[in-house]
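> Here is the input, now give the coordinates:
(2 chains)
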Amino acid sequence: MTRHILGAGVMGLALASELAGRGVAVSLHDRGGAPGPHACSWWAGGMLAPFCEGETAEEPVVRLGQEAAGWWRAHGAEVTAGGTLVVALGRDAGELARFARRTAGHVSLDGAGVTALEPDLAGRFARALHFPDEAHLAPRQALAALAAGLAARGVGIEMTAPEVVDFDCRGLAARDALADLRGVKGEMLVLRTPDVTLSRPVRLLHPRIPLYVVPRGDGVFMLGATMIESGERGRITARSLLEMLTAAWALHPAFGEAEVLEIGVDARPAFRDNLPRIRRRGGTIYLNGLFRHGFLLAPAMARMAADLVTEGRKPEVMDEDRAER
Amino acid sequence: MPVFYGVEVASPLLLGTSQYPSPAVLTEAFRASGAGIATVSLRREAGGGRAGEDFWAIIRELGVRVLPNTAGCHSAREAVTTAQMAREVFGTPWIKLEVIGHTDTLQPDPFALVEAARTLSADGFQVFPYMTEDLVLADRLLDAGCEVLMPWAAPIGTGLGMVNPYGLRALRERFPGVPMVVDAGLGLPSHAGAVMEMGYDAVLLNTAVAKAGDPVAMARAFALAAEAGRLAVGADPMPARSMAAASTPEIGRAFLE
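Predicted coordinates for the structure are as follows:
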């Protein structure tokens, strides 16, 4: 019996990979035919930072997110395990203390500690937090790795919709069935500069404009990301651009000379508590609401959904189970 | 309880709706606080058309009065346009008028504020101007048609509490009949209690609740403090004095032991 999965963003690809890995026959369907810019995971930061996310996210995100790095590595993604560096500018030092209070798994660094980890930030930050057990990946490489792994098992991405959808992983497009799903707009930038080298994601805390910079290698950096309560999937505003670039400049002035490679905008699918859900409605199981935690939570979501299929075990994030319609 | 433009609200606490960890936490914080008014920003969420509709629906479901604001506007014209859009989206003539003069200090621009207040009042809006504690500015805003004033305690997001207690006291005493809400700069429940004890009608907060480790508990704490201050004013506090005054008589006590 083949399970049909609709949507080949990070959730659909992860679920197809997990099921196929367990010997379940799957088909994967997506109007794009390949991972691409029509899925919001295309624009993601790719930070596997469960402890940092614990600043505002609820406990399941921190716990379930800890499976992510190992899962991605086992599925062909190039995972860099350098941790996360969290810094704040002098006048926002209080933000660093607050962040430390609300998160676990960090060590405090002085200026010398910052320099030892990221020599290019030498002299710029007298204090920082390091989350050594965190990692990051390049989202598009990771999505391609999953697609390639599936192709190797004979599973392609079909551009037509299946007759019967067993798993709906369409993200925000599933709003037609999930009325409590909303979009949270995010804007991001990709810059290139040979003048800055970073080995790990750096988060710059700011009361109004928090920023993260994820190194992609070869002098390429992803800057993100705004969080706006809006379902709009395009149109970056001048203000957002200005704020992100200003924050990047504050992190390292060399970003001022960087080349802007890409500007991305999309809306993340989220439920009201910003936690993901698995829902059975009739014959379809919906996996959705991964919010800003697509790469962080897709592995755990895929595992839970696969456990449901292969072992009948009910997922902890299942909030509705209406087999009969 | 405070009355704004003829509407009595059930709580001296007004809560903002941005920066919460999630809409679920926001909803719970409102329930815990009993706040009767929610302020909501339209500027960023608006996007093209009604992209912010999902979030606005969550605000409407809170079941409290909505006070849309013009946060993020830097000119009178921008603020007027945003107010008109807010009236359409939320179906209310109420508008918290915020015109920012400096991007970094977020200090209100008093000149543009008066200009926008005049335009909006003439257009049928009921304006809640976010202002510095300046007495002359208060006069001008009342002349412009405002029937409520919203002085700051400190710059937005600082959590410093009253930085100019003299100015806030003078404002309160000079316009005893005008409903006034202290907006911005409150960080602790005791700050809210202090301005309420001064005779202010209500307090408005956002960051202090939304960015607390437990926003729900903090919302409740602010509600209790604001209510305590309100009750204290009605109870006519004792005057402070410099000499000790024992509450139990000393007569009959063996004073040589």
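> Could you list which residues are in contact with residue A:264?
By C-beta atoms under 8 Å, 6 or more residues apart in numbering or on different chains, the residues touching residue A:264 are A:37, A:42, A:43, A:187, A:188, A:189, A:190, A:236. Glycine gets a C-beta too; all of them are placed from N, C-alpha and C.
> ok, now with 10 Å
A:37, A:40, A:42-44, A:186-190, A:222, A:224-225, A:234, A:236 (C-beta atoms under 10 Å, 6 or more residues apart in numbering or on different chains).
> Those also near chain B: which ones?
Checked against chain B using C-beta under 10 Å from any C-beta of the partner chain, the contacts of residue A:264 give the following subset in range: residue A:234.
> Out of the contacts of residue A:264, list just those in strands.
Counting by DSSP state E, the members of the contacts of residue A:264 that fall within strands are A:186, A:187, A:188, A:189, A:190, A:222, A:224.
> Generate a ChimeraX selection restricted to the buried entries among the contacts of residue A:264.
The command below creates a ChimeraX selection of those among the contacts of residue A:264 that count as buried (16 or more other C-beta atoms under 10 Å in any protein chain shown):
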select /A:40,42,43,44,186,187,188,189,190,222,224,225,236
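> Show me which of the contacts of residue A:264 is closest to chain B.
residue A:234 (8.1 Å; C-beta to the nearest C-beta).
> Just give the closest residue to that closest one, not the sequence neighbours.
Take residue A:234 and drop its neighbours on the chain: the residue closest to it by C-beta to C-beta, 6 or more residues apart in numbering or on different chains is residue A:265, 5.2 Å away.
> rewinding a little: most widely separated two among the ones in strands among the contacts of residue A:264?
The span of the ones in strands among the contacts of residue A:264, defined through C-beta to C-beta, is set by A:186 and A:190 at 13.6 Å.
> Name the residues contacting each of the two.
Taking C-beta under 10 Å, 6+ apart as the contact rule, the neighbours common to residue A:186 and residue A:190 are A:43, A:224, A:264.
> any chance of these in JSON lines, with pLDDT and distance to residue B:72 too?
As requested, these are arranged in JSON lines below (pLDDT from 0 to 100; distance: C-beta to C-beta, whole Å):
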{"residue": "A:43", "pLDDT": "94", "distance to residue B:72": "24"}
{"residue": "A:224", "pLDDT": "90", "distance to residue B:72": "21"}
{"residue": "A:264", "pLDDT": "94", "distance to residue B:72": "23"}
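> which of the residues you listed lies closest to residue B:128?
residue A:224 (34.8 Å).
> how close does the closest one sit to residue A:279?
Distance, residue A:224 to residue A:279, using C-beta to C-beta, to the nearest Å: 28 Å.
> on that earlier part again, let me have the ones in strands among the contacts of residue A:264 in JSON lines, extended by distance to residue B:67.
Below are those laid out as JSON lines (distance: C-beta to C-beta, whole Å):
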{"residue": "A:186", "distance to residue B:67": "28"}
{"residue": "A:187", "distance to residue B:67": "28"}
{"residue": "A:188", "distance to residue B:67": "32"}
{"residue": "A:189", "distance to residue B:67": "34"}
{"residue": "A:190", "distance to residue B:67": "39"}
{"residue": "A:222", "distance to residue B:67": "38"}
{"residue": "A:224", "distance to residue B:67": "32"}
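> And those residues, which is closest to residue B:126?
Out of these, the member with the shortest distance to residue B:126 (by C-beta to C-beta) is residue A:187, at 34.5 Å.
> Can you name the residues that contact the closest one?
If a contact means C-beta under 10 Å, 6+ apart, then residue A:187 has A:43, A:223-228, A:232, A:234-237, A:239-241, A:243-244, A:263-266 as its contacts.
> let's see 8 Å
Residues near residue A:187 by C-beta under 8 Å, 6+ apart: A:224, A:225, A:226, A:228, A:236, A:237, A:240, A:241, A:244, A:263, A:264, A:265.
> Equivalent analysis for residue A:81, please.
Residues in contact with residue A:81 (C-beta under 8 Å, 6+ apart) are A:69, A:134, A:135.
> Going by distance to residue B:107, which of the residues you listed wins?
Each of the contacts of residue A:81 was scored against residue B:107 by C-beta to C-beta, and residue A:134 proved nearest at 38.5 Å.
> who are the neighbours in contact with the closest one?
If a contact means C-beta under 8 Å, 6+ apart, then residue A:134 has A:47, A:48, A:49, A:50, A:51, A:52, A:69, A:81, A:83, A:84, A:105, A:201 as its contacts.
> Let me know the pLDDT of the fourth one.
Pointing back at residue A:50 there. Reading off the confidence values, residue A:50 has pLDDT 97.
> Quick check, it in contact with residue A:296.
Yes - contact criterion C-beta atoms under 8 Å: residue A:50 and residue A:296 qualify, at 6.2 Å.
> So which residues of the chain form helices?
All of this is about chain A. A:10-21, A:50-53, A:59-64, A:68-74, A:93-102, A:111-117, A:139-152, A:238-251, A:294-311 (DSSP state H).
> wrong chain, I was asking about chain B
Using DSSP H, helices in chain B cover B:23-33, B:43-46, B:53-61, B:76-90, B:110-122, B:135-143, B:165-174, B:189-197, B:207-210, B:215-234.
> Adding mean pLDDT, mean neighbour count and distance to chain A, write those out as CSV.
Below are the helices of chain B laid out as CSV (pLDDT from 0 to 100; neighbours: other C-beta atoms under 10 Å in any protein chain shown; distance: least, C-beta to the nearest C-beta, whole Å):
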stretch, mean pLDDT, mean neighbour count, distance to chain A
helix B:23-33, 95, 21, 4
helix B:43-46, 62, 20, 5
helix B:53-61, 86, 18, 4
helix B:76-90, 90, 19, 12
helix B:110-122, 96, 21, 18
helix B:135-143, 96, 17, 25
helix B:165-174, 95, 16, 23
helix B:189-197, 96, 22, 17
helix B:207-210, 94, 24, 8
helix B:215-234, 96, 19, 10
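> Take the ones you listed and write them to a markdown table, including distance to residue A:162.
Below are the helices of chain B laid out as a markdown table (distance: least, C-beta to C-beta, whole Å):
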| stretch | distance to residue A:162 |
| --- | --- |
| helix B:23-33 | 33 |
| helix B:43-46 | 36 |
| helix B:53-61 | 28 |
| helix B:76-90 | 39 |
| helix B:110-122 | 54 |
| helix B:135-143 | 62 |
| helix B:165-174 | 65 |
| helix B:189-197 | 56 |
| helix B:207-210 | 43 |
| helix B:215-234 | 43 |
